[in-house]
Every structure is written in structure tokens, then in C-alpha cells.
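Asks: Requesting a structural model of the entry that follows:
(chains A, B and C)
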Amino acid sequence: MKDAAALQKREKGEPLFHITKRAEIVWWKAWLIRLAAIAASLIVCAVISLLLGDINPFSFFGSMLNGAFGTARRCWNLFYELAILLSISLAVTPAFKMRFWNIGAEGQALIGGLATAACMYYFGGRIPTPLLFVVMIAASILAGMIWAVIPAVFKAFWNTNETLFTLMMNYVAIQLVTFMINFWVTSGSGTLPPMSAYALPTVGNAWILNILVVALLTVAVYIYLRFSKHGYELSVVGESENTALYVGINVKKVIIRTMLLSGALCGVTGLLLVGGTDHTISTSTVGGRGFTAIMVSWLGRFNPLFMVLTSFLLAFLKAGANQVSNDYKMNGSISDIITAVILFFVIGCEFFIQYRIAFRKHGKEEK
Amino acid sequence: MPAFFSELIAILSRAIASGMPFLYGSTGETLTEKSGHLNLGIPGIMCVGASSGCVAIAAYAGSVGGLENGNPFLCLLLSVLASVSGGVLMGLIYCFLTVTLRANQNVTGLALTTFGTGVSTYMISKVENADFVPANKFFTYSVRNAVGHNAFTDSWFGELFLSYGFMIYLAIIIAVIAAYVLKKTRIGLNLRAVGENPATADAAGVNVSRYKYVFTCIGSGIAALGGLCYIMDNLNGNWEYSISEIGWLSIALVIFTLWRPNLGILGSVVFGALRILGNSNFIRGVDKSILQMLPYLVTILVLVVVSMRNRRENQPPAHLGQNYFREER
Amino acid sequence: MTRPAIELRGITKTFGSIVANKNIDLDVRYGEILSILGENGSGKTTLMNMISGIYFPDAGQILINGHEVVIRSPKDAFAHGIGMIHQHFKLVDVFSAAENIVLGHEEKRFNKKAIAAEVREICELYGFDVDPEKKIYEMSVSEKQTVEIIKVLYRGADILILDEPTAVLTPQETEKLFAVLRRMRDAGKAIVIITHKLHEVLSLSDRVSVLRKGEYIGTVKTAETDETALTEMMVGKKVSLNIERNDPKSLEKRLEVKDLTCIDREGTQVLSNISFSANGGEILGIAGIAGSGQRELLEAIAGLQKYQTGEILYFDPATGETESLKDKTPMQIRELGVRLSFVPEDRLGMGLVGNMDIVDNMMLRSYRGGKSAFLDRKKPKDLADEIIEELEVATPGVHTQVRKLSGGNVQKVLVGREIAAAPTVFMAAYPVRGLDINSSYMIYNLLNKQKENGVAVIFVGEDLDVLIELCDRILVIGSGQITGLVDARRVTKEEIGLLMTRSVSSDGAAPEKEGEKE
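Replies: From the prediction side, this is the model:
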């Protein structure tokens, strides 16, 4: 009798399940969980668009696919977007692997773009074009490096919080761009007319050069992280600063060196955006890709090859969602909402990869 | 009064008003960060807070057939409640992902900002501006409006203390309460312990997850009001997409004031001053964009100075940005 | 017959594939001190964590005061009157003692004066001495422990669980603690003390329960048992405690530390006027209470810790030259041709990178070799294979992340790598902590082999028996000062124990007091 009461009490009081950390998960299971999350998120997105815009799910997905692959131009655009996003993601990845939360890629790329624009503005037509390109490349890389190395120096010597520092640097960069545009454009219109005469040469069409450059960068960054001594050092610093000191790695030097690289790659992105496609600069030239890149890099587990997939996912979402909002006259909001919802699912599903939910088995030990 | 002095008072008064959206944001974010969570979704939360509040006004106006027929108090109450609820819902999304599912806080926060921007754009696109803009007169209704202009209300005292709408005072009241709760109460003690050392708080019997949920959501609700305050008070109801910028600056303000809401009151006025200086003619010959850069530069400076001095009491909560799992081995 | 406080029935807990506790039955009674004895890794702490609500058992029942209960969280445990003092103190550093004591305790009023008064009352009752306003980060280890105990008592706990409470205390502080515990027992509380030190078990407890490899072995009355019987229960079969030791031959001076004084970042003097020399061909032991400056000393030699005055000299056996290591980084020390190996206390946090595989961990010391900008993974892989084979490292393969290995295997990987560097000076801090007996002996043998090869071995240990049996000379430090240098073949444990505490002047009065009581 007493046992029965105890049992009853116990069933009431016990947690239904509890969470334990997984020892290991087979890779295909992990990817299955991720795919399931994306599938689930797409369903939720369809429901959302049904509720918000009265769009039926089939035309919703059709519209998304159409936006991404509907025409040859859209395909090119998709791959171009993928390339640009990937190049910023590649830039932040070495820093992230070092556990340096560089969320200032937006500003670093913008400042690289600004340097490019300044070269075009001041030297365009005054020096031979091949020399101009060299100056543009050097200036954009240098500008990105400067913007990235400032927080790195303070992190290295005084352990200043880099997340907040780099975040602030973004807005300083944005204001600097506004200032320069006002300085250059005396009419007060606030927009700098395109300087297409001094644009980087095109290969085939307007997008191919960018895509090729980024493809090369992807391989280079992968090799750098996986096989170079520098890449090894920054992983050690990221995993454990104590270990790095113990084996005699100069942590300050590695932090500064890695951020110089990170900034240089961001500068290249700025160069591609301004010199390659836009031929002008505005505060929205980078367009939030610096922040999206953080998610691309994190979702791709800081592996450049996986990041090709994650930047494809995000580029596809952007193109597809834009098409949805165009087709159904919904302004840009639906694109942000859909992107965010899918991200929520993808971010959240990592939990099921790392943890296991165990339902408690009731023992038979009662006599 | 000498012209210079009155100009100074006018600027200070405007600085106070335009600083309060930051104060909402930073008070909210401070509570969240004290629980150990760096919520980079604050800009998105402030957007949603603003749009929910505006949509609530429009809905109310619609239900009574125009704002002029409605009750101003009810209108304000509904708007504030809607704004807070919007913020709390956003906070819940963030908590579910970072507390329950232990997702990376930075990534979740950034995704939440994207989400919030989208949601607020959608909400605002569904109502007519004319339905909520007129409500700005309720928001900016001050003591001076109530008793009329006279020698007293127009004096420097009146200008500095009696010329604001209710949301300005509310921001300060909330900040003072938050400072009191953090420093003087058992709940505040438990909350700080959760952010400093969750394992210790857990072993002492504090429900870590509950504290994280409750204070992140309360923080989000408070931050949401910042968005509403910015649109309906500072901008007189004119919708603008610069809310997210206020959000980023609010996060900066948390650092600027060393995680203390009472210092936040002063800090927000400094930020407000820097912001309006950018738009005023007070300093001539300096480009606007350089002045607008100042709040960020000042925050960077504080960040650097604090890290160089490295005092134990001024550091961020020790477990900021790290999720907690009890059975971690 | 005293009333049972806790009864455990068939408790089982697993972590992944590791069974930490298997079908454990145990009784704890009021008015008694129960020791839970077992080697490191035998599941003592896991078991107690389930009673205090940190872990949740996979199967089994817990009965408190005869009623079955469910303990889901530490809060539930408190509600049942259970308080645990963890080995790693659960205190918030930036809080004061009083703030830590009331943390999580639910009472309507939050009155600082009332709290301080209550804390003072508890202090008087059991003879504690603590300043409620003092911040934890300004406290010594024993003060912190006192705060932990008061915290538990403040909540009105009747069942106290202490996890390895003496690990960080001086013998005097230990006696003081034991006196407090006896007073609590006499006041009718149930006390559980987790330990692996036999003499403490025998001097303090009324009954002993023994665990081995996660299983319950049995419970005996302390009065009816002795050291040998308990050891047998603890380790299973009878093991030879003799560690092989050859007489040192061809001693030559390898390292000399002169007047080393070191002030750490917080401004406390962690080492003062340390002078000694280490010779090739011998094992120099370093004994002392944990946190007396051992870590700083080794790190100063390795170039990881800056020191204000003094000098460290290295005598190169190959060239016969003398090099000063002062103000040199680990990199510069290596470039001087000093072959220094160091097995630090924090294996996964310092010696190895937990998230990297064995091969990548092998490269940590050697990856810089060669002019290429790229890594050579071939040699590290060969080394990894060799170490796995020779030291019998249990691992699925060379590409397994090190953090997934068990404690003993992690240590084998680390020691193996450090030995592979062919050192002339080999330093090891607590190299057998947390290891089972077989692994421990393997480490002792490796150290002995180094000694025979003419390496200067410096061994920082906590178990005095091991120090006395393994080392040739023992350097004793207390509060950052050298308090003695003794011949390991002649010294007794008691003598070392006394030396360890000699310079701790603030507690100097304690032993006599205890003497009166006994």
C-alpha cells in the first residue's frame, strides 16, 4: 500500500525527461537533423506567408525557386550573391576560429570599398589604368587591415571586448562613408555617381570575375586553416590561450596577424563590390552581409567548404524571398522574416545534435 | 537669461528627451546581460516594440472611429502594453533558442534582429501612418502643456524638468527601479549570481533557467519601449527605419555605463546630447556625420579605458555569452 | 541505534558509455560521520551529486527520513535538509561572504543586518571566524571553505556532505575542520565526508562505505577495521605499494634557482626567496599544500611566469655552458637549446588541446620545425602511433579528440609527448592525479626511466607516501617559501607535514588548541 502511494507520488514528481550531452553522433545523423530542420522551417515559412500574404504554399515555393533560378540572369545573380557573401564569411572565419568575435566585417568591407572609391575618384584618369588597379587593390586591402587591426591590438594587449569594439567600428565606418560622399559630392545629393570608366575589367560578364576570385579565396583559406602553421597556431589560441602560452606561441602576435588577414579579406570584398560591380559607394554597399557572414561562418562550422553550402542557402533565401515579396507586393519584410525563421530552425537544431533527450524508464525494482 | 545659457538649456533638455530611448534599451539589455546573455537582438526588439505600439494605436483609433473620439489614456496604455508584449514575445524566441536549446547567443541575436526588422516593416505596412501619427500629441503631452506656458514653466527649471512626455519620466523610473532591484534585493542578488557563476547559483537553489527567461524577457519588454519612445516621442510619430541604430547604441550604452542602470541615466543623456549635436547648429563648421560618429567613438574609448584599468567591479558578468548546462562535465 | 537520514537503493548513473554508479545501496544516519572512501574516479562525487540535486539518477530510489523522495535540483535537496560542500567551491567571486551565504535562500525580507547577525550566531556556535563583508576573491582557501559550510548551516541543513574537504587545507586547518565536524555530529547532524585519504577516515568517521569503479563494495565500522583492510576494499586485490627506486648515479647540476621572488597579477607575493638546484639523474620532489606556489615555481622555470627578482640558471650537459633563463619566453628558452619538458597540472586546459585529435596534439611542441609554411603531419602521426602502442593508450584511433579519452589516457598522451622531446629537464605537476593505480605506476616508471637517462626530474606531488617512495630529495614549500629540503630516504611523513605548515604563521596557534581537545 505504502509502496503504491510512493510510486504514485514518484511518477508525479519526476521530471518527464531529462537532457544529457551526446558522446558522439554519426555525421549522417547530424546532417539528417539539419535537413529536417530546414524542411520544417520551410513548412513554417509557407504557413507564415499564407497567413501574412494569403499566398498558397505551392506558389510560395514556386516563387522562391523562380526568384533564385528563374532566368539565366537570376542564376548569375544568385552565384554572385553567394560569392560576395562567401568572401566576407571567409574573412571572418579565421578570427572566429581563434574565438575572436569579429562582428565588424560590415565596417571592414565598407572601409575597403571606401578606399577603392577614393582611388577611383582621385586617381581615375590621372594614372595609367593598370597602375590604378594595383593602387585600388593595395588601398582596399590596407584599409580593411587598419579597420580590423585596431580592435585586435586592444584585445591583444588589454583584453578589450572585441565583440563590442568591432560592432562600434561598423558605425564609425558608416559615418565616415557619409562624410566622404558629402565631401566629394558638392551638389548635396548625397549619392556618388558611378565611376564605371575605372571599374575592374570584366571576364565574360559582370559577375564571373568576382566568382572566380572568391573561388580561389575559398580554396586558399581552406588550405591556410587546415594545413598551414599559421592556421594551426590560431586554432590553438582559439581553443586554449593557456596551451598557446605553454607551447610558446606569441598570442598577441597571432591575434594581430589573424585580424590583419581577416581585415585584408574584408577589404578585398569591398574592392569587389565597389570596383567590380557597383562602381560607386554608399552606406548600404555592403548591405548587412557583414552580419549575415557571421551566421554563414558559424553554420558552416568554420569550414570554408561547408560555408559554400551555407552561403548558398542564405543567398538562395535572399533571392527567393525577394521574389516572393515582389510577386505578392509585400515589400522587403517577408524576405527578412523568412530568412530569420529558417535561421532560427537551423540554429536551434544544433541542440539536437549535441544533446540527447532521455525519457526516464521506470524501473521494476519495487517489490 | 543670456542667449548662450538658454541655448545650452534648450540643448540639454533635448538631449534628455533624445537620450531616453537609449536608456530603455540599455536598462533592458543590462538586465539581460546580468543573467549572462548578450542579446544582440535588441535592435530588432526595439523595432518590434515601436511597430507594435504604433499598430495598437491605429487599431484603437480604428475601433473608436478616429483618435479624436478616443480616450488618450487608454490609447497610451494600449500602445505601451502592445509594445511591451511585442518585446516580451521577441525575448521568448531568444530565450527558447539560447536558454532551452543553448544556441550560440551572438548568432541568435543577429537573426532576431533580422526577424524584428522584417516583422516591424510588415506591421507598419499594414496600417496607415495617419492612424497613429496624431497620437504623438498624447505622447509628448507635458506638465508645461497641462498648466500652460508661464514664467515658471518657461524658466530653465521648467525647460529641464517639466517639458517632457510621460515616456521620458518612465524611462528614468524604470532605470532607478532596475538599479535598486539589482543592488538591494534578493532577486537582484540571485540574478547577478546567475550571470557571474550559474553553477554556483544553481547549487544554491536558484532556478537558473527561470531567472534567465524572466530577466531576458523583462529586459526585452523594457527595450521595446525604447523603440516606441523614439518614434512617438522623439520623432513625433514619423516612422523611420533608424530604430535599429538606436538599438546598437543602446548596447554600446550598457558598456559605457559599466552595467549600471543608474549610471545609464547620465550616460543616456550624454548619448542624446551627442546625437542631437549632430543635427544642430550648436557646433558650426563640423560635418554632421563626424558628430554622429562621436557616440561610437566615446563608447570605444570607455571600452578601452575600462579594460586597461581592469578593476574587478567594472567587468562584464563573468559568464556573459556562455550558455549553462548543469550536467556539463 | 540512530535514525537513518538517507537510504539509497539501487542507484545507477551513466554518462554516455561510462557507468559512473552501478546499483548502489547506502545508508547515512543521524549523529554519525560516514566516510565514503574510494579511489579517484570510483564514483563518490557522482553519487553525492545525485543526493544534492546536481545530477539526476538513471535508476534507483532515494529515501530521506524513511520516505521516498525525488530530488530534481539543489533546491529540492535543501528542502530535504541536505547541504553539500563541493570540492570546487560554489561561490561567486565578486560577492561578499554574506551575499554568498544568503544566495538562493528564499525568505521574504532581505535585511543585511539580520543576515549578518544570523551568520555571527552560527559562527559562534561552531567556532568559525569569518568577516561577512569580505569579498570572496580576497579570501584564502580555508576561509572560502568556511563560507561554504556556513552557507549550508544557514539553510538549516541536517545532512552535510563534504567532498574532499581537506585537499586544500593545511594539517592544522584540517584538524580545526574535523573538530567542527565532530561538534556537528554531536549536535545530531548526519555528516558524509568523501575522501581517499585513509588516515582521515580512521581518525574522523564512525563508519566507512567503500566504492570501487562505480560499485558499492561494503560498509564497515571504523573501530573494527584498519588501514590494510580498507585498502583492500578500496583497490580490490592487494597491490604492492612499493615503488621502485634506484640510487641516483652520476649526479650533475642541471638547473639552479637563485633567490626567486614572484608577485602575481593580484599583487600577492606567491614566491619569496626560493633557492635550490636540480640535478640530472635524480628525482626532486616538491611537497606542499595545494596553492603554496608550486604552479608558479614550475611556470617560472618554463618561462610562463614573470618574476621580479632572482635568477634561474641552466647548465647545458652538451656544451657545459651556463645559460640564464631570466626574462625569457618559452620560445627563447627553446632557442637557447634548453630541452625542457613540462607536464602541467591542467592537462586539457594547458598541456593539450581537448578539441584536437591526438596527432594534432603531438605537433604542439614540434610543429614549428622546418622552414615550410605548412604543417608536416607525418611525423606526429608516427609519434602518436608509437605512444598509443607503448603506453597502451585506450583510444579508437589517432584521430580521436583528446577530450573524449579518459583521464589516464589523456595523461599518457601528454607525458608521452613530453618524453618524446628527449628532455634534459622534466617537470611534472600532479601527474597521477585522477589516475587509476595501473596508470599511476606506469607514470612512476616513466619518471624513473628519465632519471636513469640522466634527466633532471622535478615532481610536484600531493600524496606524501608517493613522494617519499619515488623521489631522491624533497623540497618542501609553504606559502611560497622553502621550508625544508630533505632526503626522501630518511624523512617521515609527519616531518614533511610539519615542514609544509611551518611558515603558515597565522594559524600557528591552532594545533595546541586541538591538542587540548583531543
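
Asks: going forward, measure contacts and count neighbours with C-alpha atoms only.
Replies: Will do.

Asks: The residue in the stretch 101-250 of chain B that chain A sits nearest to: how many residues sit nearby?
Replies: Chain A sits closest to residue B:118 of the stretch 101-250 of chain B, with a gap of 4.2 Å, by CA to the nearest CA. Neighbour count of residue B:118, defined by other CA atoms under 10 Å in any protein chain shown: 24.

Asks: Need the nearest residue in space to it, chain neighbours excluded.
Replies: residue A:333 (4.2 Å; CA to CA, 6 or more residues apart in numbering or on different chains).

Asks: ranges for the helices of the stretch 101-250 of chain A?
Replies: Counting by DSSP state H, counting those that start in this stretch, the stretch 101-250 of chain A has helices at residues A:105-123, A:129-158, A:162-184, A:208-227, A:229-239, A:241-246.

Asks: can you pull the buried residues of the second one?
Replies: Right, helix A:129-158. Buried residues in helix A:129-158, counted by 16 or more other CA atoms under 10 Å in any protein chain shown: A:129, A:132-133, A:135-156, A:158.

Asks: re the thing from before, buried sites along whichever strand or helix holds the residue of the stretch 101-250 of chain B closest to chain A?
Replies: Assigned by DSSP states H and E, residue B:118 falls within helix B:105-125. For helix B:105-125, the neighbour count (16+ other CA under 10 Å) marks B:105-124 as buried.

Asks: The residue of the stretch 101-250 of chain B closest to chain A touches residue A:337, doesn't it?
Replies: Yes. Between residue B:118 and residue A:337 there is a contact at 5.1 Å, judged by CA atoms under 8 Å.

Asks: just to revisit the earlier point, next up, the contacts around the residue of the stretch 101-250 of chain B closest to chain A.
Replies: Applying CA atoms under 8 Å, 6 or more residues apart in numbering or on different chains to residue B:118 gives the contacts A:332-337.

Asks: Can you list the low-confidence ranges for the chain?
Replies: Since no chain was named, I'll use chain A. A:1-18, A:23-24, A:359-367 (pLDDT under 70).

Asks: ah, I was thinking of chain B
Replies: For chain B, the ranges with pLDDT under 70 are B:1, B:279-286, B:327-329.

Asks: For it, which residues are neighbours of chain A?
Replies: Within reach of chain A by CA under 8 Å from any CA of the partner chain, chain B has these residues: B:97, B:101-104, B:107-108, B:110-112, B:114-122, B:252, B:287-290, B:292-293, B:296-297, B:299-300, B:303-304, B:307-308, B:327-328.

Asks: Outside of stretch C:48-60 itself, list whatever touches it.
Replies: Around stretch C:48-60, the neighbours that count as contacts under CA under 8 Å, 6+ apart are A:360-363, A:365, B:203, B:326-327, C:8-14, C:23, C:46, C:62, C:71-78, C:82-84, C:161.

Asks: One more: stretch B:177-194?
Replies: Under the contact criterion CA under 8 Å, 6+ apart, stretch B:177-194 has outside partners B:27, B:31, B:34-36, B:200-202, B:206, B:208, B:211-212, B:260-262, B:317, C:92, C:99, C:103-104, C:110.

Asks: The same query, at a cut-off of 7 Å, please.
Replies: Contact partners of stretch B:177-194, identified using CA atoms under 7 Å, 6 or more residues apart in numbering or on different chains, comprise B:34-36, B:201, B:206, B:208, B:211, B:260-262, C:92, C:103-104, C:110.

Asks: before we move on, what about stretch B:11-26?
Replies: In contact with stretch B:11-26 (CA under 7 Å, 6+ apart) are residues B:159-160, B:164, B:168, B:171, B:222-223, B:225-227, B:229-230, B:234, B:246-247, B:249-251, B:253-254, B:264-265, B:268-269, B:271-273, B:276.

Asks: Please work out how many residues are found near the residue lying closest to residue B:300 once chain neighbours are set aside.
Replies: Distances taken as CA to CA, 6+ apart put residue A:165 closest to residue B:300, at 6.1 Å, once the chain neighbours are dropped. Neighbourhood size, residue A:165 [other CA under 10 Å]: 27.

Asks: Quick check: residue A:165 touching residue A:153?
Replies: No. Taking CA atoms under 7 Å as the definition, residue A:165 is not a contact partner of residue A:153, at 11.2 Å.

Asks: show me the contacts for residue C:492.
Replies: Counting by CA under 7 Å, 6+ apart, residue C:492 has no contacts.

Asks: How about residue C:335?
Replies: Contacts of residue C:335 by CA under 7 Å, 6+ apart: none found.

Asks: With residue A:136 as the reference, measure out to it.
Replies: 41 Å (CA to CA, to the nearest Å).

Asks: same deal with residue A:48?
Replies: Taken as CA to CA, the span from residue A:48 to residue A:136 is 45 Å.

Asks: was I right about residue C:362 contacting residue C:417?
Replies: Yes. Checked against CA under 7 Å, the pair residue C:362 and residue C:417 is within contact range at 6.2 Å.

Asks: Three-state assignment for residue C:122, please.
Replies: helix (DSSP: H, G, I helix; E, B strand; the rest coil).
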